[in-house]
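>>> Here is a sequence with its predicted model. Questions after.
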Amino acid sequence: MTTNSHLLALQHVSQVYTSGAKRFTAIQDVNLTLSEGEFAILLGPSGCGKSTLLRIITGLQRPTKGQVLYRGRPLQGVNPQATIVFQTFALFPWLTVMENVEVALKARGIPPKQRTARAFDLLDRVGLDGFEMAYPRELSGGMRQKVGFARAMAVEPELLCLDEPFSALDVLSAEALRGELLELWSSGNIPTRAILMVTHNIEEAVFMADRIVVMDKDPGRVVTELRVGLPHPRQRKAPEFRDMVDRVYATLAGQTQPEHVELGTAPGEPGRTRALPHITINDLAGLLEHLAERPTHRADIYRLAEELHVDSDHLLRLTEAAELLGFATIARGDITMTPLGETFAEASILARKEIFASRIRQLPTFKWLLAVLQAAHRHQLEWDVVQTALELEFPPEEAQRQLETAINWGRYTELLAYDDSGQVFYLEPGAVSSSSSATRQNGQ
Ligand code: ADP
């Protein structure tokens, strides 16, 4: 494809910020294209330059180096074809919902009569029919964000840029609004030709995008791009969806070794099963938060024991867990956070659970445990049965500790549960894979 067929092309874009005598490279040599019909995502830790890139793309800021081509022509000044929707879309509190949308139409020089009809139509399309005369303060966060979308649509942007548009919303509103945006986009009823969205949320990226551009920081740069070829509407529980999510996690974790070497094999299979390090998620989060506070995201392991007030055995288990899960790499006595570790440290409680769940699903012991429970009657197994199987790999005492850690991690991630009184493991309903939910219902 030639550059001219792209709606947008960034060529060797760098951004250096200066403060006093200091120069700071926020973005280094970014090359990025966006074609018509594409929904792309920028994914990366805080500070990797995502917002800076959006400002450069929309022409709000000129890069220090490189150029932005829009429809093959160098962008001069603000791009009138592009609009940004921010995390919290600033509505005018003294105007009604309707008037907030009309303002954008007025700015485009649309005559008053047409404005009203158009604003009604836009509000209807984002599902705000009946709320036209309400004031922003009367609306929920999700509804306010819908007004934000309607206002962005009123501008009829060819290129719609979204800066974490769902991150300030509660889970249900965010999910509903994602669905509505995808529907609006795929219906072809809007003039928008391409969407570029910034997010921290990996599942959201896989749920929505055609392409995920993975960035890292120091300096901010594009590390890789992943294509998401799944048809819409995407099913979060479908194996293809989970595989894609795992691929993104693996990319962020910077996996370098083949999985069976890195993670070990399942119990009962040839090869060594890597033991789960006995740590709590709280302690692991503490380690990652501590590393995230350092400018280099790196530390001497031996110094960490002192800094974190833990004994060295415990610290080694923590660093091992961080490595096993792809949150950090260890070399020559140093521990260095991966972009995935950074994402985890910055994530909300819910997003942390999702990240942790996705990573432990890759560990052979968990994979095996989830698979045997998936296959079991009512997705339940007694402790003794599971322990006996694990004793093929570990001495009885260690097998028992492995199971205790599995319960601890499984409960946190809501993948599996353990009933202390009946001594049975069972899969949480949310962890039962969709292909077997019919069997489960029949079995009950
Ligand atoms: P992200 O959106 O990925 O969090 P940003 O684009 O906001 O990243 O910032 C990238 C880096 O550039 C950060 O280290 C940030 O502190 C720095 N930065 C952003 N804007 C400015 C500015 N106007 N002046 C100086 N530094 C800035």
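Received it, and whenever you're ready, just let me know what you need. Numbering: from 1, shown residues only.

>>> need the residues of the stretch 201-350 of the chain near the ligand, please.
Listed as neighbours of the ligand in the stretch 201-350 of the chain under the rule Cβ under 6 Å from any ligand atom: Gly220. To be clear about C-beta, it is placed using only N, CA and C from the backbone, and glycine gets the same treatment.

>>> can you rerun that using 5 Å?
Not one residue of the stretch 201-350 of the chain sits near the ligand, judged by Cβ under 5 Å from any ligand atom.

>>> Tell me which stretches of the stretch 201-350 of the chain form strands.
Secondary structure of the stretch 201-350 of the chain, counting by DSSP state E, counting those that start in this stretch: strands at 211-216, 221-227, 298-300, 328-331, 334-337.

>>> which of those strands is buried the deepest?
strand 211-216 (a mean of 21; mean count of other Cβ atoms under 10 Å).

>>> For the ligand, give me its nearest residue in the stretch 151-300 of the chain.
Per Cβ to the nearest ligand atom, Gly220 is where the stretch 151-300 of the chain lies closest to the ligand, at 5.6 Å.

>>> What count of nearby residues applies to the residue nearest to that residue when sequence neighbours are not counted?
Counting by Cβ to Cβ, 6 or more residues apart in numbering, the nearest residue to Gly220 once its immediate chain neighbours are dropped is Gly49, at 2.9 Å. Per other Cβ atoms under 10 Å, the neighbour tally for Gly49 reads 26.

>>> Quick check: phi and psi on Gly49?
phi 100, psi 20 (degrees, to the nearest 10).

>>> cool, and the one 5 residues further on?
Backbone torsions for Leu54, taken as degrees, to the nearest 10, come to phi -60, psi -40.

>>> And it, how close does it get to Leu160?
11 Å (Cβ to Cβ, to the nearest Å).

>>> anything in contact with each of those two?
Both Leu54 and Leu160 are contacted by Leu196, under the criterion Cβ atoms under 8 Å, 6 or more residues apart in numbering.

>>> neighbour-wise, which of those two wins?
Leu160 (27 against 21).

>>> Wait, a helix at that one?
No - assignment of Leu160 by DSSP: H, G, I helix; E, B strand; the rest coil gives strand, placing it outside any helix.

>>> surely it meets Leu181?
No - checked against Cβ atoms under 8 Å, the pair Leu160 and Leu181 is beyond contact range at 9.1 Å.

>>> secondary structure element for Ala168?
Using DSSP states H and E, Ala168 maps to neither a helix nor a strand.

>>> From Gly141, how far off is it?
6 Å.

>>> same thing with Asn408?
34 Å.

>>> returning to that earlier point: adding mean pLDDT, write the strands of the stretch 201-350 of the chain out as TSV.
TSV is the format used below for the strands of the stretch 201-350 of the chain (pLDDT from 0 to 100):
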stretch	mean pLDDT
strand 211-216	92
strand 221-227	93
strand 298-300	88
strand 328-331	87
strand 334-337	90
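
>>> Nearest to Leu373 among those would be which one?
strand 328-331 (29.4 Å; Cβ to Cβ).

>>> which parts of stretch 113-133 are buried?
Neighbour-count burial for stretch 113-133 flags 115-116, 118-120, 122-123, 125-128, 131-132 (criterion: 16 or more other Cβ atoms under 10 Å).

>>> How many residues are close by Phe92?
Neighbours of Phe92 using other Cβ under 10 Å come to 12.

>>> Would you check that it makes contact with Val101?
No - here Phe92 does not reach Val101: they are 10.7 Å apart, not a contact under Cβ under 8 Å.
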